[in-house]
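K.L.:
sequence unknown, structure follows:
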C-alpha cells in the first residue's frame, strides 16, 4: 500500500486514478504536475470539466453533443436532410465529419446492443430513430456501426424496426482497408470482400 | 483539424490535453468518459483537484507535501532525528518510506541542479538544508539523488556547502540492482560496483 504524505493528495490521486487508462502511479504524476501549475490554470482546468458536465446539452433531434438545443449539423439547411447516418457515439460523428465525404444528417445511438454489457434496444436511441423516420422526409438510413457481433446485431434490429416505414437502409462498405496487403488481411474480411465485390465503372 | 460539436467539449479536451502524457485523442476519450459519469462524481473529481491545488501545504521543516504546517514525519519523535535524507521530490520520500528501511527525517529539495533546464542552486531548497544543519542536532546527511550528471552535480554542491558544519555526509550505494545479471549490466555501473566493493561480514 502506497502511503501519501497528505490526505488532499491521496484524495486527488484516487479521483485521477478513476479516469480510464490512468493507474495509481500515473495519477500521482498528474497530481504532482497539477501542484506545480499556477492556481489560475488549475481553476481553468476544473472549471472546464465542471462546465462540460453541468452545461453540455444533447441535440433533441440527433442526440449528438451540442451547446444548443438543436445541434449545428441538424440546423444546417445546406446539408442533405433526406439521409441519416446512424452511429454509435459522438466520436463516430467526428470521424465521419473529418472524411468530408458525407453531407447528410446523423443519429447518435449513444451505445450499441450488447447483452453481455446489459445494453438492450431500449437503452439506446432506437425508438427516437424510428419516430424520426415515421415523421417522413427521410429517404435513406445509413448504418455506420462497428463491424462486430454487437454492431451486426444492432444493424439487424434497427433494419427490422424500420421495415414498416419502407425507408431505404444501407450499411457502410466492409472490405479491405486502403493500403492493406491481401496476404496480411484476415480471412473473414477477405472472404467478405470477395463476395461483396463491386463492379468497376467503365 | 478536429472539429468538436460543442465548445464546452472542445475547451475541456484542450484542458485535459494539457496534462502530461495526454494527447488530443486520449483527452477526448477522457472528456466523453466524464460526460457519462453522474454529476456528483464529477463534482467530487473537480473539488479534489481544486482543493489539492488551493489547500495543500508544504512542511516548513522538510518541504514535503503536508496537510499541516509541519509534516507527520517531522513531528514523529520516534524517528531518528539526527539523520536527514536529502531527496529530489515527494515521490522519492514515498519510495524510500515504502522500503521501510529508513527511520530518519527527510529534506525535499524540490528539484535538482540542472543548468540545461535553468535550475540553479538558489532555485531548490539547499540554503534551508544548510540552515537546518547549522541549527545543530543532525549527525548525518544522506544524499539520495538520482545517479545522473545532475544528481552528481547537486551532491557535490551540497557537500561543499555543508563542509564547514562538519556533519557526516554519505551517498546512497550505487552498484548492480538486486536480481541483475552481470552480463546485462552496463559497463559504468559494473565498473563502479567493482571499485566500490564492500567487505563480507564473517
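P.N.:
It's in. Keep in mind the model is a prediction, meaning the values are calculated, not measured.
K.L.:
Show me what counts as buried in stretch A:188-195.
P.N.:
By 16 or more other Cβ atoms under 10 Å in any protein chain shown, the buried positions in stretch A:188-195 come out as A:190, A:193. C-beta here means a position set from N, CA and C on the backbone, and glycine is covered the same way.
K.L.:
I meant to write stretch A:79-87 there.
P.N.:
Here stretch A:79-87 shows A:79, A:83-87 as buried, counting by 16+ other Cβ under 10 Å.
K.L.:
Check stretch A:21-40 too.
P.N.:
A:22, A:26-32, A:34-35.
K.L.:
is the lengthiest strand in chain A anywhere near chain B?
P.N.:
The longest strand of chain A (DSSP state E) is strand A:80-87. No: applying Cβ under 8 Å from any Cβ of the partner chain, one finds strand A:80-87 separated from chain B by no less than 12.1 Å.
K.L.:
re the thing from before, pick the one among the buried residues of stretch A:79-87 closest to chain B.
P.N.:
residue A:87 (12.1 Å; Cβ to the nearest Cβ).
K.L.:
Surely residue A:103 and residue A:80 touch.
P.N.:
Yes: applying Cβ atoms under 8 Å as the test, residue A:103 and residue A:80 come out as touching, 5.2 Å apart.
K.L.:
now the helix-or-strand element of chain A with minimal mean pLDDT, how far from the chain's geometric center?
P.N.:
The weakest-scoring helix or strand in chain A, judged by mean pLDDT, DSSP states H and E, is helix A:187-195 (a mean of 85). How far helix A:187-195 lies from its chain's middle: 26 Å, per Cα atoms, centre = their mean, to the nearest Å.
K.L.:
can you list contacts of it?
P.N.:
Helix A:187-195 is contacted from outside by A:174-176, A:182, A:185, using Cβ atoms under 8 Å, 6 or more residues apart in numbering or on different chains.
K.L.:
what angle separates the longest helix along chain A from helix B:39-55?
P.N.:
Looking across chain A with DSSP state H, the single longest helix is helix A:39-55. With axes from the mean of the first three to the mean of the last three Cα atoms, to 10 degrees applied, the angle from helix A:39-55 to helix B:39-55 works out at 170 degrees.
K.L.:
Show me what the very next helix or strand once past helix A:39-55 is packed up against.
P.N.:
Downstream of helix A:39-55, the first helix or strand assigned by DSSP states H and E is strand A:57-58. Packing contacts for strand A:57-58, counted by 3 or more Cβ pairs under 8 Å, 6 or more residues apart in numbering or on different chains; DSSP states H and E, involve strand A:65-66.
K.L.:
where's the strand it packs on relative to the chain centroid, distance-wise?
P.N.:
The answer for strand A:65-66 is 12 Å, by Cα atoms, centre = their mean.
K.L.:
for stretch A:102-112, same thing?
P.N.:
8 Å.
K.L.:
what does it contact?
P.N.:
So stretch A:102-112 is in contact with A:61-64, A:73-74, A:79-90, A:92-93, A:96, A:119, A:123-126, A:128-129, A:132, A:140, A:142, A:145-146, A:150-151, A:154, going by Cβ under 8 Å, 6+ apart.
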